[in-house]
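>>> just a sequence and a predicted model for now, questions to come.
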Amino acid sequence: MLKEFKEFITRGNVLDMAIGIIMGSAFTAIVNSVVEDLLMPIISGLTAGVNYEDLVLSIGGAQLKLGSFLNAVITFLIIAFVLFLMVKSINLFHKKNEEPKEVTEKDCPYCKSKIAKDATRCPNCTSKLENYANALE
């Protein structure tokens with residue numbers, strides 16, 4: 001059982017997950033700073049400093065803190081939007097760095113198997129491909 005645990009814990013998936021969790025917690029600090037230090041002051045200025053924390057609904061002896069809930073929802077939406085923008089910009093950066101892959105294969109129009117791009121006859125169904133050479137490229 002100890003040997004199995006050692007294999008499990010040293011497997012690449014567990015290490016990748018641990019690194020992801022650590023990076024995620026570090027990234028959380030960045031996102032929180034963007035939201036709290038950059039965006040929330042702008043939103044507070046646009047809403048004339050209205051504090052929703054004081055919005056409370058009393059039912060019987062219970063108090064429903066609607067203002068706290070509303071603030072949490074707004075903060076969540078802002079964080080989700082900031083993350084969306086960050087991921088979108090990172091994806092654009094990765095797409096620019098990828099080189100287009102050269103096409104080396106095509107599909108046979110008869111049997112749909114993969115064949116070399118410059119083939120004139122399909123090795124699987126032995127069909128002549130000269131008529132389709134230009135159409136497939």
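Perfect, thanks for sending it. Since the model is a prediction, treat every value here as computed from it, not as a measurement.
>>> how is this structure carved up into domains?
For the chain, automatic domain parsing gives the domain ranges 2-97, 105-136.
>>> buried deepest among those, which one?
domain 105-136 (a mean of 13; mean count of other C-beta atoms under 10 Å). Any C-beta I mention is one placed from the backbone N, CA and C, and that applies to glycine too.
>>> show the model's pLDDT score for Thr75.
We have a pLDDT of 81 for Thr75.
>>> what's the helix or strand for it?
Using DSSP states H and E, Thr75 sits in helix 66-97.
>>> my guess is Gln63 meets Leu57, correct?
Yes: here Gln63 reaches Leu57: they are 7.3 Å apart, a contact under C-beta atoms under 8 Å.
>>> what ranges do the helices span in this protein?
In the chain, the helices defined using DSSP state H lie at 2-10, 12-33, 40-46, 66-97, 133-136.
>>> which residue is nearest the middle of the chain?
Val87 (6.2 Å; C-alpha atoms, centre = their mean).
>>> quick one on the thing from earlier: okay, angle between the helix holding Thr75 and helix 12-33 too, please.
120 degrees (axes from the mean of the first three to the mean of the last three C-alpha atoms, to 10 degrees).
>>> now do stretch 27-38: distance to the chain's middle.
Averaging C-alpha positions (C-alpha atoms, centre = their mean, to the nearest Å) puts stretch 27-38 18 Å from its chain's average.
>>> and what of stretch 26-46?
21 Å.
>>> now swap in stretch 60-78 and tell me
28 Å.
>>> what's the answer for stretch 106-124, then?
For stretch 106-124 - counting by C-alpha atoms, centre = their mean - the centre lies 36 Å from the chain centre.
>>> stretch 79-96 too?
The answer for stretch 79-96 is 8 Å, by C-alpha atoms, centre = their mean.
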